[in-house]
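S.K.: just coords:
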């Protein structure tokens, strides 16, 4: 929690001291996970019978499990970064709804929803889907130099009791604490509570099992995965055999091995065993399950599909999942965040947060789309510049009344080629100069 300063002394914030929480992110097991589920069940069973003053919705140990699995799993971090990349950036705006139902962007107020501090709000909403809840602190002022939000903070989850709507200064202690429904806090603090455990409740047991699998895999490779140097000697006495064994053992450092005339040395390497394949399959299964849960498709996190049709189907699922996340963000913004910004006069009363109606697609598909559109419609050069950063001049392949300007409608012998080729190229292709009506007689 933030400390009280000269600029923050109006009593609208929790305390002049930082919140105190306990962190434990190592050596997590499935047993701890099941214990937290049991704790949650007990809370749900008695919540209606418990009065204020009793901590029941303490999820600090559950957050430890979530963060331990997130920090220690590179694949999950990459999946979450892929998700965030589709939700932040210049994809949203503050807009007004016109009479025709279309949303009109407000350039001045849309500038406020850019910058790193506003991105914290969007990430906080998505993290509420992952962790189950998020508590945001919004400072009621703009940066005078940039015109952007000056400060947004994500309050430590271990000190938040989401269903009891309370923040405690020391984890596991009811007092001192602050009620989020108090009038002095409701215009600075926004609790986003999904009412459940969050998506990480499903990914955590998978990752814990994967960690156990990987550790066993490492132990297995240490024991059975290393090649074995096999020595064979004709000597029958034990001393000669031991001497050869010592020479083999020291050969790794000395790089020299002297053997007798009848001795044989060979290296035996083990191929991938069934056990090793099982370990690898379990690890890959976990990654696919987590990708499908968060993104809707493992192929969008880098997996390769068997055929093109499967890839396209996964892309459609992925886009639908991203749209559902954006809808969730819009709802939370307009229901909880926008009223706070209006209260402090940061935005006007008639604007709302909206994502732009822009189809997300690959560069290859964008090129195909623009190729089709410029053939059939006249495109403003400014649109090309905004999408590709390329300055273009007047469009030359658009001629009114030529069947839409498509290649199939172009009469090469007429004057409707839009001057897409030079006069020399035109003459070489058609055998007569441009604009000749009767080229056999040479009459124009």
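M.R.: That came through, no problem. All figures in this text were calculated on a predicted structure; none of them were measured in a lab.

S.K.: now name the helix or strand holding residue 153.
M.R.: strand 152-154 (DSSP states H and E).

S.K.: ok, residue 368 next?
M.R.: helix 363-376.

S.K.: which residue packs closest to residue 210, ignoring adjacent ones?
M.R.: residue 286 (4.2 Å; C-beta to C-beta, 6 or more residues apart in numbering). (C-beta placed from N, C-alpha, C; glycine too.)

S.K.: then residue 232?
M.R.: residue 264 (4.2 Å).

S.K.: what's the local residue count around residue 201?
M.R.: 19 (other C-beta atoms under 10 Å).

S.K.: an error on my part: the question was meant for residue 363.
M.R.: Residue 363 has 8 nearby residues by other C-beta under 10 Å.

S.K.: and the one 10 residues further on, by the same measure?
M.R.: Applying other C-beta under 10 Å, we find 12 other residues in the vicinity of residue 373.

S.K.: show me what contacts it?
M.R.: For residue 373, the contacting residues are residue 379, by C-beta atoms under 8 Å, 6 or more residues apart in numbering.

S.K.: so the most centrally placed residue in the chain is in which element?
M.R.: When C-alpha atoms, centre = their mean is applied to the chain, the residue found nearest the centroid is residue 83 (2.2 Å). In this assignment (DSSP H and E), residue 83 forms part of helix 74-85.

S.K.: identify the residues contacting that helix?
M.R.: Identification of contacts with helix 74-85 by C-beta under 8 Å, 6+ apart yields 69-71, 123, 126, 130, 203, 207, 287, 290-291, 294-295, 300-302, 322, 325.

S.K.: now swap in stretch 255-274 and tell me
M.R.: 224-225, 227-235, 240, 244, 247-248, 251.

S.K.: from those residues, which single one is nearest residue 154?
M.R.: residue 225 (43.4 Å; C-beta to C-beta).

S.K.: per-residue pLDDT of that closest one, please?
M.R.: pLDDT for residue 225: 59.

S.K.: and residue 410, by the same measure?
M.R.: So residue 410 comes in at 45 (pLDDT).

S.K.: returning to that earlier point: would you mark the buried spots in the helix or strand following the helix holding residue 368?
M.R.: Per DSSP H and E, the first helix or strand lying C-terminal to helix 363-376 is helix 381-388. Neighbour counts using 16 or more other C-beta atoms under 10 Å place residue 384 of helix 381-388 among the buried residues.

S.K.: quick one, helix 381-388 and helix 363-376 angle?
M.R.: Using axes from the mean of the first three to the mean of the last three C-alpha atoms, to 10 degrees, one finds that helix 381-388 and helix 363-376 are set 170 degrees apart in direction.

S.K.: chain center to helix 381-388: distance?
M.R.: 27 Å (C-alpha atoms, centre = their mean, to the nearest Å).

S.K.: right, and the helix or strand after it?
M.R.: Next element after helix 381-388 (DSSP H and E): helix 423-430.

S.K.: hang on, the residue nearest to residue 210 in a strand?
M.R.: No. Residue 286: not assigned to a strand; according to DSSP: H, G, I helix; E, B strand; the rest coil it is helix.

S.K.: hang on, it packs against residue 205?
M.R.: No. Under the criterion of C-beta atoms under 8 Å, residue 286 is not in contact with residue 205, lying 9.6 Å apart.

S.K.: so where's the stretch 251-400 of the chain uncertain?
M.R.: For the stretch 251-400 of the chain, the stretches flagged by pLDDT under 70 are 252, 269-276, 298-311, 359-362, 396-400.

S.K.: ok, which stretches of it are helices?
M.R.: Here the stretch 251-400 of the chain has its helices, by DSSP state H, counting those that start in this stretch, at 274-295, 308-332, 338-343, 363-376, 381-388.

S.K.: now the terminal residues of stretch 122-138, how far apart.
M.R.: End-to-end distance for stretch 122-138, by C-alpha to C-alpha, to the nearest Å: 13 Å.

S.K.: sorry, that was for stretch 329-345
M.R.: Terminal-residue distance, stretch 329-345 (C-alpha to C-alpha): 22 Å.

S.K.: what's near enough to touch the residue nearest to residue 210?
M.R.: Here residue 286 is in contact with 206-207, 209-210, 213 (C-beta under 8 Å, 6+ apart).
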